[in-house]
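Engineer: Next one to model:
(2 chains)
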Amino acid sequence: MTLTLRGPGTAVRPVPGRPSLGARAFAALDIIATGVRGVEGAALAAHAGFDLLGVLVVGFVTAVVGGMLRDVLLGDLPPAALRSSSRILVALAASGAAFVLLRLVDEVPSTVLLTLDGVGLALFAVIGAQKASAHGASLWVVVVVGVVAATGGGVVRDVLLGQTPVLLTQSVYGGAAALGASATGILLVTTRRAHLSIAVGFVLAFALRETVLLLG
Amino acid sequence: MTDVAPAARVPSRPALGARAFDALDIAATALFGLEGAAAAAHAGFDLLGVVVVGLIVALAGGVLRDVLLGDLPPAALRTPSRIIAGLAAAVVAFVFLEVVDAFPVLPLQILDAIGLALFAVTGAQKAWASGANLWVVTILGTLAATGGGVIRDVLLERTPYVLSESIYGTAAAAGAAVTGILLGVTGRPRLSLGVGFVVALALRLGAVIWGWSLPRIA
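Structural biologist: Residues are numbered from 1 along each chain as shown, chains lettered A, B, ... in the order given. From the prediction side, this is the model:
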């Protein structure tokens, strides 16, 4: 689990020996996480009283920034979100849907939003971890990239909305992402089974986050 | 996770010449530097604060655009011209504001609108020339145009313009989209950028003067 040293300027590339999800499965999970994050970010912006554009911007940013940061840090450019239209369209559609929904119902219960947030957090943590691992990163890097991917969108969302980032105020937010990312990273190396590692990491991250929310 | 070469120019895509692109990009950089510095000076920062905010507003949008296109190092850090333009504009704004007590708001908003429209169309054209599709072109144009202002507002602890002003991001997105569509249809970069610029500027100035806005949840 050592990080191979590379010459300056060489981008990180997928390493053949590392277990990796197929490109399809990865894109599917990444796009689902993007949609979930978009709904949740847009709903918060709408609650904060922004107009349609503000809601679309916050939803979009919340949805794509985590994955963009992950890809920029891994040197995989342009980031997946800007290589095809799928993530852009999903993020905008999710934000638009949240805006319309909030015009119909008065208020979305906060448990729904918190559950969505937990799903987005856990998904981005494990697929970020798997992408870093597949690119040959060490376990430390895998955990950091997973946490950045999972929490980056939420941090930018909170800064835009003028709130203290949840990452800083709630101890078991970044902690849940780190747990999921490290479990995924360790299992990927020990079992070499990508689906299993990601599923276990996801369950751990989601369960930890939701347990803390339920118990206060 | 296919390997894609970073933002190489696609030969079949029409592009502005490097000179014309740099000229527009640097003009927009200086405008944003002026405007960001004036905003910081109004907020009561000293010379260093004014220069820092001015430089960030001037450079951040273009740097974000280039990082996301994989065109590294970003244009702003490849030659000193944009750094010098941003710094000079910030200092000019500071000195000028020491001389005249208060600068009326409208000229600042017009400068901001011109910078916004310029960055939207140059960002769109750069994304287009590197082979991006229309959605990506629009997003990158909008990001290049609004990124600097968002960071300015976060630094000055204000609600970002792009969220509070309806026709700000919308104007940038419209200008970028029009530029992208015309580049695809006509293949003539100067015409496409010209029309996109006018669309973005007209929308933004119309919103400033007549107070247009989008629907919000009551």
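Engineer: What segments of chain A are helices?
Structural biologist: Along chain A, counting by DSSP state H, helices occupy A:23-47, A:52-74, A:86-104, A:110-134, A:139-160, A:166-169, A:171-191, A:194-215.
Engineer: now those helices as JSON lines including mean neighbour count, mean pLDDT and distance to residue B:59?
Structural biologist: Where you see a C-beta, it was placed from the backbone N, CA and C, and this is true even at glycine. As requested, the helices of chain A are exported to JSON lines (neighbours: other C-beta atoms under 10 Å in any protein chain shown; pLDDT from 0 to 100; distance: least, C-beta to C-beta, whole Å):
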{"stretch": "helix A:23-47", "mean neighbour count": "23", "mean pLDDT": "91", "distance to residue B:59": "27"}
{"stretch": "helix A:52-74", "mean neighbour count": "26", "mean pLDDT": "93", "distance to residue B:59": "17"}
{"stretch": "helix A:86-104", "mean neighbour count": "19", "mean pLDDT": "92", "distance to residue B:59": "25"}
{"stretch": "helix A:110-134", "mean neighbour count": "25", "mean pLDDT": "91", "distance to residue B:59": "28"}
{"stretch": "helix A:139-160", "mean neighbour count": "24", "mean pLDDT": "93", "distance to residue B:59": "19"}
{"stretch": "helix A:166-169", "mean neighbour count": "14", "mean pLDDT": "84", "distance to residue B:59": "26"}
{"stretch": "helix A:171-191", "mean neighbour count": "22", "mean pLDDT": "93", "distance to residue B:59": "30"}
{"stretch": "helix A:194-215", "mean neighbour count": "18", "mean pLDDT": "92", "distance to residue B:59": "36"}
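Engineer: need these in CSV with distance to residue B:56, can you?
Structural biologist: Below are these laid out as CSV (distance: least, C-beta to C-beta, whole Å):
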stretch, distance to residue B:56
helix A:23-47, 24
helix A:52-74, 18
helix A:86-104, 26
helix A:110-134, 28
helix A:139-160, 15
helix A:166-169, 22
helix A:171-191, 26
helix A:194-215, 34
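Engineer: In PDB, please show the C-alpha coordinates belonging to the host helix or strand of residue B:98.
Structural biologist: Assigned by DSSP states H and E, residue B:98 belongs to helix B:81-99. Taking Å, rounded to 0.1, in the frame of the first residue of the first chain, the C-alpha atoms of helix B:81-99 are listed here in PDB:
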ATOM      1  CA  SER B  81       0.200  39.700 -18.000                       C
ATOM      2  CA  ARG B  82      -3.000  38.800 -16.200                       C
ATOM      3  CA  ILE B  83      -1.400  39.100 -12.800                       C
ATOM      4  CA  ILE B  84      -0.100  42.600 -13.700                       C
ATOM      5  CA  ALA B  85      -3.400  43.700 -15.200                       C
ATOM      6  CA  GLY B  86      -5.300  42.500 -12.100                       C
ATOM      7  CA  LEU B  87      -2.800  44.200  -9.700                       C
ATOM      8  CA  ALA B  88      -2.600  47.400 -11.600                       C
ATOM      9  CA  ALA B  89      -6.400  47.600 -11.800                       C
ATOM     10  CA  ALA B  90      -6.700  47.000  -8.100                       C
ATOM     11  CA  VAL B  91      -4.200  49.700  -7.300                       C
ATOM     12  CA  VAL B  92      -5.800  52.200  -9.700                       C
ATOM     13  CA  ALA B  93      -9.200  51.600  -8.000                       C
ATOM     14  CA  PHE B  94      -7.700  52.100  -4.600                       C
ATOM     15  CA  VAL B  95      -5.900  55.400  -5.500                       C
ATOM     16  CA  PHE B  96      -9.000  56.600  -7.400                       C
ATOM     17  CA  LEU B  97     -11.300  56.000  -4.400                       C
ATOM     18  CA  GLU B  98      -8.900  57.900  -2.200                       C
ATOM     19  CA  VAL B  99      -9.300  60.900  -4.500                       C
END
